[in-house]
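1. let me see the structure of the following:
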Amino acid sequence: MADTKVKAASKKPTASKATNGSAAKAAKGKSNGVTTVAQPDPVLPGTDKPTAAASGSATNMRASTATFPKETYMQWYEQMQLMRKFEDKAGQLYGQQKIKGFCHLYIGQEACVAGQVSALEKGDKYITAYRDHAHPLALGTSPNAVMAELFAKATGCSKGKGGSMHIFDKEVGFMGGHGIVGGQVPMGAGIAFAEKYNKTGKLCICSMGDGAVRQGALHEAFNMAMLWKLPVIFVIENNGYAMGTSVARTSNVTDLYKIGLSYDMPSEPVNGMRVEDVHEAVARAAERARAGEGPTLLEFKTYRYKGHSMSDPAKYRTKEELEDYRHRDAIEGVRHTILTNNFATEADLEAIDERIKVAVQASVEFAETSPYPTPDELYKDVYVQADYPYIHD
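-> Alright, predicted model coming up:
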């Protein structure tokens, strides 16, 4: 799936002058007796409001006109459904205590990853924070290996040593999920430095949440990336609430892409609920990076339907707000486009859904029957040097 690349048919960037009309407005509502502050609307100016689709669900009607080939929409649909169904199952398994520790689900944000993968090339590198199950799935990592990692089994893609927050698969270019907030930002710049130094023609796309932008390491990395014109795309996946507090309550600047402008970094907001918009923005940024023009900052205005982690009841937002964003669901938007343009039938899509359901269930069975790591694994993968002499006393 990750090998498909589509040339973006989009406007040239006007990033440094981009504006977002959805300024933060304090608005109060009641949810479970808790006062909440409204999150700025991620739907950017010019994007239609949700309208009833032909299928009976609400979706973004702009998506009814296909701007990409049939194969791309079918790829997006399958990738995003795999992410969604995998995460749904992971949530169930966590509730059954089969998955332990921390678990941060990506449900609602699928377009952010699907649009990246279709816009970039094989050999490009990806790095993100600890909401990291969806990235390797979209890149082609086996669901078996990801699920086994969630179960802490030896057959997991990090050999059961990383769990939910530290999934790696260098074979598909996924340089891992990272548990230190903002810790992956300078590492993403470092990976891009290596690509430039080795003249590979490849780039690194580095994703972070809206809460990570307060880390000093981000500003250091932005400065160095611009100074050295590193081939890196920085992505803020702004799902509105970081760990549970609205951006409007934590920042005077609620249009987070503007942070990049302080470094003269081309920066723009992107509707992260439309996979087409994500693809086009990433393709523009990639073209700049490969031309030696340096980094770009993209703020994906997105939304997560679940709490920050499985332990978060998300009482800081209203049910009405959640339902409103569900009407803009990226998967439903792609589904509507496919059906409207006769790319596939309802039966075709149902067959894809069933195939994914079977694959996810198979990954659970694989994980449950896999062994745990043996005690001697504690001393492996610590140093690159296989016979490093100072691991044991």
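
2. which residues sit against stretch 78-90?
-> Residues outside stretch 78-90 that contact it (Cβ atoms under 8 Å, 6 or more residues apart in numbering): 1, 99, 103, 105-107, 110-111, 113-114, 117, 133-134, 137-138, 143, 146-147, 150, 164, 275, 330-331, 334, 352-353, 356-357, 359-361, 363-364. C-beta here means a position set from N, CA and C on the backbone, and glycine is covered the same way.

3. which residues of the stretch 201-350 of the chain score low on pLDDT?
-> Filtered on pLDDT under 70, the stretch 201-350 of the chain yields the residue ranges 307, 312.

4. hey, where'd the strands end up in it?
-> Using DSSP state E, counting those that start in this stretch, the strands of the stretch 201-350 of the chain run over 204-209, 232-238, 267-271, 296-301.

5. will you turn those into JSON lines that also has distance to Glu377 and mean neighbour count?
-> Listed next are the strands of the stretch 201-350 of the chain as JSON lines, based on distance: least, Cβ to Cβ, whole Å; neighbours: other Cβ atoms under 10 Å:
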{"stretch": "strand 204-209", "distance to Glu377": "29", "mean neighbour count": "28"}
{"stretch": "strand 232-238", "distance to Glu377": "32", "mean neighbour count": "28"}
{"stretch": "strand 267-271", "distance to Glu377": "41", "mean neighbour count": "26"}
{"stretch": "strand 296-301", "distance to Glu377": "37", "mean neighbour count": "28"}
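
6. quick one: closest of those to Tyr390.
-> With Cβ to Cβ as the measure, strand 204-209 is the member of these nearest Tyr390 (31.7 Å).

7. the inter-axis angle of that closest one versus strand 232-238?
-> 20 degrees (axes from the mean of the first three to the mean of the last three Cα atoms, to 10 degrees).

8. ok, and what's touching strand 204-209?
-> 112, 116, 120, 124-129, 131, 135, 175, 181-182, 184-185, 187-189, 191-192, 195, 218, 231-239, 242, 282.

9. just the ones of these in helices?
-> In helices, defined here by DSSP state H, the members of the contacts of strand 204-209 are 112, 116, 135, 184-185, 187-189, 191-192, 195, 218, 282.

10. of the residues you listed, just say which sits nearest to Lys306.
-> So of the ones in helices among the contacts of strand 204-209, ranked by how close each gets to Lys306 (Cβ to Cβ), first place is Cys112, at 15.0 Å.

11. so what sits opposite Lys125 in the bridge?
-> Assessed by DSSP bridges, Lys125 has beta-bridge partners Cys204.

12. contact partners of stretch 288-297?
-> By Cβ under 8 Å, 6+ apart, the residues outside stretch 288-297 that reach it are 13, 15, 189, 192, 201, 203, 222, 225-226, 228-236, 257, 259-260, 265-268, 284-285.

13. again, only using 6 Å
-> If you take Cβ atoms under 6 Å, 6 or more residues apart in numbering as the criterion, stretch 288-297 is touched by 203, 225-226, 229-234, 257, 260, 265-267, 285.

14. export the strands of the stretch 201-350 of the chain to JSON lines and tack on distance to Asp381?
-> Converted to JSON lines, the strands of the stretch 201-350 of the chain look like this (distance: least, Cβ to Cβ, whole Å):
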{"stretch": "strand 204-209", "distance to Asp381": "22"}
{"stretch": "strand 232-238", "distance to Asp381": "26"}
{"stretch": "strand 267-271", "distance to Asp381": "36"}
{"stretch": "strand 296-301", "distance to Asp381": "32"}
